[in-house]
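In: Need the 3D shape of this:
(2 chains)
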Protein chains: 2
Amino acid sequence: MPGHNKIKIVHALKQPPLADFKVGVDNVIFSVDTAQNRLLVLLVMRHQEPFLNSWSLPGTLVRQGESLEDAAYRILSEKIRVKNLYLEQLYTFGGPSRDPREASDSYGVRYLSVSYFALVRFEEAELIADGVTGIAWYPVKQLPQLAFDHNKILAYGHRRLRNKLEYSPVAFEVLPEVFTLNDLYQLYTTVLGEIFSDYSNFRARLLKLGFLYDTGIKVSRGAGRPASLYKFDAEAFAPFKDKPLVFL
Amino acid sequence: MPGHNKIKIVHALKQPPLADFKVGVDNVIFSVDTAQNRLLVLLVMRHQEPFLNSWSLPGTLVRQGESLEDAAYRILSEKIRVKNLYLEQLYTFGGPSRDPREASDSYGVRYLSVSYFALVRFEEAELIADGVTGIAWYPVKQLPQLAFDHNKILAYGHRRLRNKLEYSPVAFEVLPEVFTLNDLYQLYTTVLGEIFSDYSNFRARLLKLGFLYDTGIKVSRGAGRPASLYKFDAEAFAPFKDKPLVFL
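Out: Next up, the predicted model:
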């Protein structure tokens, strides 16, 4: 049916052409300063246009032959030294107009961002200042206006972190090896905020689950009774693996 | 420090250039044929190279001015008519060599795929055959070799579906308005397979949660006692919203 095909071709010609893209990766790296009960996110200061001198998530554009993950790890290895950094893909932001370089008088291509997420131990993470740009652990409660749509990406990462903390044992990955139940509780309240408040319920629930091991050692901090130091027992936790745990 | 800058420039020149991308969206659309207890996925036959005549996930390339979501909904609206289709972003696959069109003697650009996920009611979904290409609900247990890395994308989608079914009330979105507990159980076993097996435990757990409303109507199907028809009570479910429910 040549007539039918002709209609199809005309229809195809009326559609806008395919968009050309550069692809970036942006990392949302959280940490918790347990001493000061602050949730922190890693930001770097941009030293090029667009958004020169604005704070942004540490990111980079994907190079030829490079996977998305490799790009994400490459930029992080230039910014931070940390053991066992495990990045998990967060979300892809790729709408039109999210990057001023898309303008026809600039590069004229779309910029898509694949975001990655990690939670790292504050004490073990060493920031790398290369002498030119700025880098900082920024308190999530006092964020500046970030470059691009990075405030939106960060908000998405924060939601993921809250979810993970509520339903998975990720907290034990960022606490020191031994900790008091109050340390654990503080971590939860720092990340989850006011919605998380009943300590005695939290304590009872945690101890009942049976994967916290009492080291027998007690520690005194300020006023009050000495508190027991606990260890996360990975073996006792095994049956719970890949099951959601509701800590709230 | 001009010397310092020179080193930086030389370093930058030694890195591979940025990759150019086209961006595609690929949809993993599941449905459950409850009458035959089969988990199905929507596939379309490709009518162009590469992978001419191979089955693939319904996808398209993103056009100028179009968001990722708009592209995903655009291609689906050409393939399927269904009420309340809600797509959720699944994962982004963007490594080198995932698409033969990347070859230097082809288009010479990378192809990235942002995948989306949905579960639709089998009875309400109407496939649109445009007379040229093939389209089918394929049983997940009898998949052919798909184009590109679509088997991998589909496997990822299947994992997401299992998780959602275990931990969220998504099942009630695909069951008919009234259903027997056995219908619900069959849906679970169809999607989750053998790992899901204890009917009496499942039944007791579900009824205890209190968001299934007994309509008082009984239905006879084949041998055995007539079974009660239940309705999902969204109001009684409200307190459970956004909490994971472990049905296993």
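In: for the spatially closest residue to residue A:207 that is not a sequence neighbour, what are its contacts?
Out: Counting by CB to CB, 6 or more residues apart in numbering or on different chains, residue A:181 is the residue found nearest to residue A:207 once chain neighbours are left out, at 7.9 Å. For glycine as for every other residue, the C-beta is placed from the backbone atoms N, C-alpha and C. Residues in contact with residue A:181, defined by CB atoms under 8 Å, 6 or more residues apart in numbering or on different chains, are A:203, A:206, A:207, A:212, A:227, A:228, A:230.
In: Helix or strand with the lowest mean pLDDT in chain A?
Out: helix A:2-14 (a mean of 54; mean pLDDT, DSSP states H and E).
In: Give the buried residues for the helix ranked longest in chain A.
Out: In chain A, with assignment by DSSP state H, the single longest helix is helix A:150-167. Neighbour-count burial for helix A:150-167 flags A:150, A:153-154, A:156-158, A:160-162, A:164-167 (criterion: 16 or more other CB atoms under 10 Å in any protein chain shown).
In: what does the average pLDDT come to for that helix?
Out: Helix A:150-167 shows a mean pLDDT of 92 in the predicted model.
In: Can you tell me which residues in chain A are near chain B?
Out: By the rule CB under 8 Å from any CB of the partner chain, the part of chain A lying against chain B is A:15-23, A:61-68, A:89, A:91-92, A:94-96, A:109-110, A:112, A:114, A:167, A:243-244, A:246.
In: among the residues you listed, which are in helices?
Out: Applying DSSP H to these, the entries found in helices are A:68, A:167.
In: Selection in ChimeraX covering whichever of the residues of chain A next to chain B are buried, please.
Out: Those of the residues of chain A next to chain B that count as buried under 16+ other CB under 10 Å are selected in ChimeraX with:
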select /A:18,19,20,21,22,23,61,62,63,66,67,68,89,91,92,94,95,96,110,112,114,167,244
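In: sorry, back to before: ok, so of the buried residues of helix A:150-167, who is nearest chain B?
Out: residue A:167 (5.6 Å; CB to the nearest CB).
In: Quick check: the gap between that closest one and residue A:203.
Out: Distance of residue A:167 to residue A:203, computed by CB to CB, to the nearest Å: 19 Å.
In: Around residue A:211, how many other residues sit close by?
Out: Per other CB atoms under 10 Å in any protein chain shown, the neighbour tally for residue A:211 reads 20.
In: give me every residue that touches it.
Out: A:169, A:232, A:233, A:234, A:236, A:237, A:240.
In: do residue A:199 as well
Out: A:182, A:185.
In: could you pull out the strands for chain A?
Out: Using DSSP state E, the strands of chain A run over residues A:21-33, A:38-45, A:55-56, A:59-61, A:80-81, A:88-93, A:110-120, A:126-127, A:135-139, A:178-179, A:212-219, A:227-232.
In: Include distance to residue B:174 and mean pLDDT when you put those strands into a markdown table, please.
Out: Shown next, in a markdown table, are the strands of chain A (distance: least, CB to CB, whole Å; pLDDT from 0 to 100):
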| stretch | distance to residue B:174 | mean pLDDT |
| --- | --- | --- |
| strand A:21-33 | 33 | 96 |
| strand A:38-45 | 38 | 95 |
| strand A:55-56 | 41 | 96 |
| strand A:59-61 | 38 | 96 |
| strand A:80-81 | 44 | 92 |
| strand A:88-93 | 25 | 97 |
| strand A:110-120 | 30 | 96 |
| strand A:126-127 | 48 | 91 |
| strand A:135-139 | 43 | 94 |
| strand A:178-179 | 43 | 90 |
| strand A:212-219 | 39 | 93 |
| strand A:227-232 | 38 | 93 |
